[in-house]
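Novice: Pasting a predicted model and its sequence here:
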Amino acid sequence: MFTGLIEEIGTVKEISKKGDNLRLVIGANKIMDDISMGSSIAIDGTCLSVVKYTSNTFEVDISEETVKKTTIGGFKPGRKVNIERAMKIGDRLGGHFVTGHIDGIGEIVKFDRTVDGAYLGIKASEDTIRYMIYKGSVAIDGISLTVANVDSNSIAIALIPHTIEMTNLKEKSIGEKVNIECDIIGKYIERFVNLTTDTKHSTLNTDFLKEHGYKI
C-alpha cells in the first residue's frame with residue numbers, strides 16, 4: 001500500500017528482456033537507505049518488487065501483463081520516474097490509499113502552466129472515468145491528486161508548483177501517456193452495489209426452496 005506522495009524522482013538506467021518479462025535498472029539516492037530484496041516499490045504508480053540493488057540503483061522485473069496494462073512498455077533509458085516505497089504501519093497517510101495496481105492508461109490533452117501552478121487535462125477510457133468524482137482522489141503516475149472536473153471522457157486537475165517540482169510532472173507534455181489508478185473506495189462501493197443488486201434478483205427464494213422439498 002502506498003500514499004501517492006512521491007519520495008524521489010529516479011532515472012531509468014537500463015532496460016533488458018528477461019524471457020517474456022522486462023527488467024529495469026533504476027537510479028536513485030534518497031530512498032536507498034531503506035531498500036531490501038523483495039521490497040515493494042511504486043514506479044510511476046505501478047507496484048513492483050526489488051530483485052537486486054546497489055548503493056545507488058535497484059532492479060525490478062515487470063511481467064508481460066504489467067507491460068501491456070501500464071506505460072512501462074514505453075520506457076527508455078534516461079526517463080524520469082516517480083518513486084515511492086510502500087508505507088509502514090504507523091506512517092502518516094498524507095495522500096490517499098494507493099494500491100499500485102493500474103486501472104488504465106490516460107493521455108495528457110492539456111497542460112496549461114501558470115505562475116501559480118498548472119491545469120492538467122487527461123483523457124481516459126469510460127471504464128476508468130466512471131470511478132471519478134468532483135473533488136475525489138486519483139493517482140496519476142503514482143501521484144495523489146484531486147479531481148477538479150470530470151466529464152464523459154476526461155478529467156481535469158489543478159496542480160500547485162510544489163507538486164510539479166517534486167514529481168516527474170515537470171517532464172511531461174501534451175500527448176504523453178500516464179498511469180491512472182482510481183480511488184479504491186469507489187471500486188469497493190461499486191462491487192457492493194452490484195452484489196446487492198444481484199441478491200435482490202436471485203432465484204434462491206422461499207418459493208424455490210419449497211419447490212425443491214425444503215420445509216419452510
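Specialist: Thanks, I have the structure now.
Novice: which residues in this structure form helices?
Specialist: 64-69, 126-129, 161-165, 184-200, 206-211 (DSSP state H).
Novice: Relative to Leu5, which of those is closest?
Specialist: Nearest to Leu5 among the helices of the chain is helix 161-165 (9.9 Å), distances taken as CB to CB. Heads up, the C-betas are built off the backbone N, CA and C, glycines and all.
Novice: contacting residues around the closest one?
Specialist: Identification of contacts with helix 161-165 by CB atoms under 8 Å, 6 or more residues apart in numbering yields 116-118, 143, 145, 169-170.
Novice: Pull out the buried residues from those.
Specialist: The neighbour-count criterion (16 or more other CB atoms under 10 Å) marks 118, 143, 145, 169 among those as buried.
Novice: What is the burial count for the nearest residue to Lys52 once chain neighbours are set aside?
Specialist: Leaving aside its sequence neighbours, Lys52 sits nearest to Glu59 (CB to CB, 6 or more residues apart in numbering; 4.1 Å). Around Glu59 there are 18 other residues, counting by other CB atoms under 10 Å.
Novice: Would you agree Glu59 is in contact with Val51?
Specialist: Yes - in this structure, Glu59 is within contact of Val51 by CB atoms under 8 Å, at 5.3 Å.
Novice: Same list (the contacts of helix 161-165) but as JSON lines, adding distance to Thr46 and pLDDT.
Specialist: Below are these laid out as JSON lines (distance: CB to CB, whole Å; pLDDT from 0 to 100):
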{"residue": "Asp116", "distance to Thr46": "30", "pLDDT": "91"}
{"residue": "Gly117", "distance to Thr46": "26", "pLDDT": "93"}
{"residue": "Ala118", "distance to Thr46": "23", "pLDDT": "96"}
{"residue": "Ile143", "distance to Thr46": "13", "pLDDT": "98"}
{"residue": "Leu145", "distance to Thr46": "16", "pLDDT": "97"}
{"residue": "Leu169", "distance to Thr46": "17", "pLDDT": "97"}
{"residue": "Lys170", "distance to Thr46": "20", "pLDDT": "95"}
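Novice: Mind putting the buried ones among the contacts of helix 161-165 into JSON lines with distance to Gly73?
Specialist: Shown next, in JSON lines, are those (distance: CB to CB, whole Å):
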{"residue": "Ala118", "distance to Gly73": "26"}
{"residue": "Ile143", "distance to Gly73": "20"}
{"residue": "Leu145", "distance to Gly73": "23"}
{"residue": "Leu169", "distance to Gly73": "21"}
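Novice: Now for these: which two are most distant?
Specialist: Among the buried ones among the contacts of helix 161-165, Ala118 and Ile143 lie farthest apart (CB to CB), at 12.6 Å.
Novice: got any residues that touch both of the two?
Specialist: Residues touching both Ala118 and Ile143 (CB under 8 Å, 6+ apart) are Leu169.
Novice: Count the neighbours of the closest residue to Arg79 other than its chain neighbours for me.
Specialist: Using CB to CB, 6+ apart and skipping the chain neighbours, the partner closest in space to Arg79 is Val12 (4.4 Å). If you count neighbours by other CB under 10 Å, Val12 ends up with 18.
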